[in-house]
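*Asks:* The sequence isn't on hand, but the structure is:
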């Protein structure tokens, strides 16, 4: 049974629906209102990033790392801890593997190793690095991305910010050149474009940059509509990839206008849904040689059913919400400019339309996006889809539990699709 991954949008929707259900025995009007609320919560960007844990104790003292987790931390570049950090035992903080913690209102950041001691209310991890600020007991926020800032601060790499011109206006993007010592000098015409997930930020994708850079690949990491710092969509809502793909198309156009001849796409969670739409809809998809999908949303309807079960949202309301998203008459209640037809996001049903090699990394313990559709897609298209299954990683945190395996799988895939 997958552990629950907190989803504020659906958690809030569930609370509101529970309140509706207590009135008038769920009248027809309340049912419509509840369905509209579910749809709006799913499609509304989460602007707030509140603290979700407490740092309860810190101890400084350098020590050499030992034990089974020492190999994992060494793979991330650490053979010594500089102390320990103890936090409250929240569902997020219990995630296995490497992690970061923001503090001081996300102005400070530290990185930590796997949990080495736990009580009923607390978790203690080895403190590996303080990247910014001075940590002390107080509120904090779990960071599954590991990285915390731009490629310069997080990776120590040269980069520059460029503007990708979408139909909504300029979208900021990080442009990272390949490493000078890269082994892939023949891949100078290859660009990778990395797409973060729902409610996330570009830091989520930085784990892949060293893999691409080492192989001579230029990396472009764009924002997309409704990101903080990017233009707002016509309705200010997520369209679950059905409009966001246009921003990825714009990034692909930017790449081709700057000497890219072959493109590798990469997407995390909803970012993978955006990638799949671009592969289907973009005129530039002919230049894509492959796509990497981490914890992908292969079927949005499946994700919503799974989350509804977790948060005890009545399935009939979810079904009604799904219909309202895609129905032209119901879209006003939902607040979307264009219908959001979830049938178009079901890539198991649409598997015959796929034309590009795909590498999928997904965990059975995801807790937010079930692995079932990824398994089904790999079974439906074994000629194109290669699936690497994890068993203990949380959502988009496979790298955190085994960076060597994750980077090796991605590196081999990139070498294969760019070798001709």
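*Replies:* Here it is on my side, so go on. Bear in mind that the values here come from a model prediction, so they are computed numbers and not experimental data.
*Asks:* Mind jotting down where the helices sit in the stretch 101-250 of the chain?
*Replies:* For the stretch 101-250 of the chain, the helices defined by DSSP state H, counting those that start in this stretch cover 151-155, 209-214, 245-257.
*Asks:* Might you calculate how far the second one sits from the centre of the chain?
*Replies:* Read that as helix 209-214. Relative to its chain's centre, helix 209-214 lies at 18 Å (C-alpha atoms, centre = their mean, to the nearest Å).
*Asks:* For that helix, enumerate the helices and strands it packs against.
*Replies:* Counting contacts by 3 or more C-beta pairs under 8 Å, 6 or more residues apart in numbering; DSSP states H and E, helix 209-214 packs against helix 151-155, strand 218-222, helix 403-417. The way it works is simple: take the backbone N, C-alpha and C, and place the C-beta from them, glycine included.
*Asks:* do you know which of those lies nearest residue 126?
*Replies:* Checking the helices and strands packed on helix 209-214 against residue 126 by C-beta to C-beta gives helix 403-417 as the closest, at 16.0 Å.
*Asks:* shouldn't residue 219 be in contact with residue 192?
*Replies:* Yes - Residue 219 is within contact range of residue 192, at 4.8 Å (criterion: C-beta atoms under 8 Å).
*Asks:* Touching both of these two, which residues are there?
*Replies:* Any residue near both residue 219 and residue 192 by C-beta atoms under 8 Å, 6 or more residues apart in numbering counts here, and that gives 208, 212.
*Asks:* The two: which has the busier surroundings?
*Replies:* The neighbour comparison of residue 219 against residue 192 (other C-beta atoms under 10 Å) goes to residue 192, with 31 against 27.
*Asks:* partners of that one in the sheet?
*Replies:* Counting by DSSP bridges, residue 192 is bridged to residue 219, residue 264.
*Asks:* contacting residues for it?
*Replies:* Neighbouring residues of residue 192 by C-beta under 8 Å, 6+ apart: 208, 212, 217, 218, 219, 220, 263, 264, 265, 266, 414.
*Asks:* The same query, at a cut-off of 6 Å, please.
*Replies:* 212, 217, 219, 264 (C-beta atoms under 6 Å, 6 or more residues apart in numbering).
*Asks:* Which parts of the stretch 301-420 of the chain are strands?
*Replies:* Listed in chain order, the strands of the stretch 301-420 of the chain (DSSP state E, counting those that start in this stretch) span 358-363, 385-390.
*Asks:* Of those, give the one that comes closest to residue 170.
*Replies:* strand 358-363 (29.9 Å).
*Asks:* any idea of the angle the closest one forms with helix 403-417?
*Replies:* Going by axes from the mean of the first three to the mean of the last three C-alpha atoms, to 10 degrees, strand 358-363 is angled at 170 degrees with respect to helix 403-417.
*Asks:* Strand 358-363 pairs with which strands?
*Replies:* Counting by DSSP bridges, strand 358-363 is paired with strand 288-294 (parallel), strand 385-390 (parallel).
*Asks:* Below-threshold pLDDT in the stretch 301-420 of the chain: ranges please.
*Replies:* Within the stretch 301-420 of the chain, the ranges that satisfy pLDDT under 70 run 420.
*Asks:* hmm, try it at 50
*Replies:* Of all residues in the stretch 301-420 of the chain, none has pLDDT under 50.
*Asks:* returning to that earlier point: can you say which of the helices and strands packed on helix 209-214 is packed in most?
*Replies:* Comparing the helices and strands packed on helix 209-214 by mean neighbour count (mean count of other C-beta atoms under 10 Å), strand 218-222 ranks first with a mean of 25.
*Asks:* Give me every residue in contact with that one, excluding its own residues.
*Replies:* 164, 171, 173-178, 191-194, 202, 205, 209, 212, 251, 255.
*Asks:* Grab the nearest non-local neighbour of residue 358.
*Replies:* Nearest in space to residue 358, with sequence neighbours left out and distances taken as C-beta to C-beta, 6 or more residues apart in numbering, is residue 385 at 4.8 Å.
*Asks:* could you list every residue that touches the one you found?
*Replies:* If you count contacts by C-beta under 6 Å, 6+ apart, residue 385 has them with 358, 377, 378.
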